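Participant: this one's structure only:
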């Protein structure tokens with residue numbers, strides 16, 4: 001699929017097309033898409049995360065999180081918030097940063113050993129995070145098939161195969 005993926009074009013705007021090409025090159029976008037497809041086939045779904053870190057790049061950073069590292073909040077079957085989970089193992093415990101991306105901005109929650117902390121900046125990795133108020137979703141969910149087991153989630157290609165193996169095992 002990725003090899004036949006030619007390019008993304010911005011019509012009637014050469015400057016925007018040039019900027020997109022630089023963003024795609026810097027993010028190795030084809031490889032991000034290739035890995036995203038593999039992750040979605042295995043996990044059932046996932047989401048692209050668009051973020052900014054001016055210490056790393058002057059362009060947006062595009063990453064993909066597999067379904068095992070993403071949660072969704074939905075209203076009437078529509079995704080309103082994508083939650084990205086990042087785990088940090090420390091001597092004093094396991095920290096999980098939840099990045100809540102919605103169309104009103106990004107909010108952070110930091111958990112230690114499953115308990116919500118008052119300050120999401122409590123560890124070195126999160127101390128410089130800021131909660132921007134953007135008016136559009138900077139996350140793009142991806143799934144190919146709907147799961148019959150988990151409402152609002154995608155279906156792994158292994159789901160049908162596991163059911164077939166279970167049936168074979170019963171015989």
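Facilitator: Yep, it's here. Small disclaimer: the values here were computed from a predicted structure and weren't measured.
Participant: Now residue 23: which helix or strand?
Facilitator: In this assignment (DSSP states H and E), residue 23 forms part of helix 14-27.
Participant: Pull out the buried positions in that helix.
Facilitator: Of all the residues in helix 14-27, those buried under the rule 16 or more other Cβ atoms under 10 Å are 20, 23-24, 27. Every C-beta, even on glycine, is put in place using the N, C-alpha and C of the backbone.
Participant: With stretch 29-47 instead?
Facilitator: Neighbour-count burial for stretch 29-47 flags 29, 32-37, 39-40, 43-47 (criterion: 16+ other Cβ under 10 Å).
Participant: tell me which of those residues is nearest to residue 14?
Facilitator: residue 29 (19.2 Å; Cβ to Cβ).
Participant: List the contacts of that closest one.
Facilitator: Taking Cβ atoms under 8 Å, 6 or more residues apart in numbering, we find residue 29 in contact with 23, 62.
Participant: One more: residue 107?
Facilitator: Going by Cβ under 8 Å, 6+ apart, residue 107 touches 99-100, 131.
Participant: Between all of the buried residues of stretch 29-47, which two are at the greatest distance?
Facilitator: Distance extremes for the buried residues of stretch 29-47: the farthest pair is 29 and 44 at 22.6 Å, using Cβ to Cβ.
Participant: Now the buried members of the contacts of residue 107.
Facilitator: Among these, those buried by neighbour count (16+ other Cβ under 10 Å) are 99-100.
Participant: Just send the contacts of residue 107 back as JSON lines, with distance to residue 11 too.
Facilitator: Formatted as JSON lines, the contacts of residue 107 follow (distance: Cβ to Cβ, whole Å):
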{"residue": "99", "distance to residue 11": "32"}
{"residue": "100", "distance to residue 11": "34"}
{"residue": "131", "distance to residue 11": "34"}
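Participant: Keep only those of the contacts of residue 107 that are in strands.
Facilitator: Per DSSP state E, strands hold the following members of the contacts of residue 107: 99-100.
Participant: quick one: low-confidence parts of this protein?
Facilitator: The chain contains residues with pLDDT under 70 at 1-6, 160-171.
Participant: still on that earlier bit, now do the helix holding residue 23: everything it contacts.
Facilitator: By Cβ under 8 Å, 6+ apart, the surrounding residues in contact with helix 14-27 are 8-10, 29-30, 57, 59-62.
Participant: repeat that for 10 Å
Facilitator: Residues outside helix 14-27 that contact it (Cβ atoms under 10 Å, 6 or more residues apart in numbering) are 7-11, 13, 29-30, 32-33, 50, 56-63.
Participant: Look up which helix or strand residue 36 falls in, please.
Facilitator: Assigned by DSSP H and E, residue 36 falls within helix 29-43.
Participant: next structured bit after that helix?
Facilitator: Sequence order places strand 45-51 as the next helix or strand after helix 29-43, per DSSP H and E.
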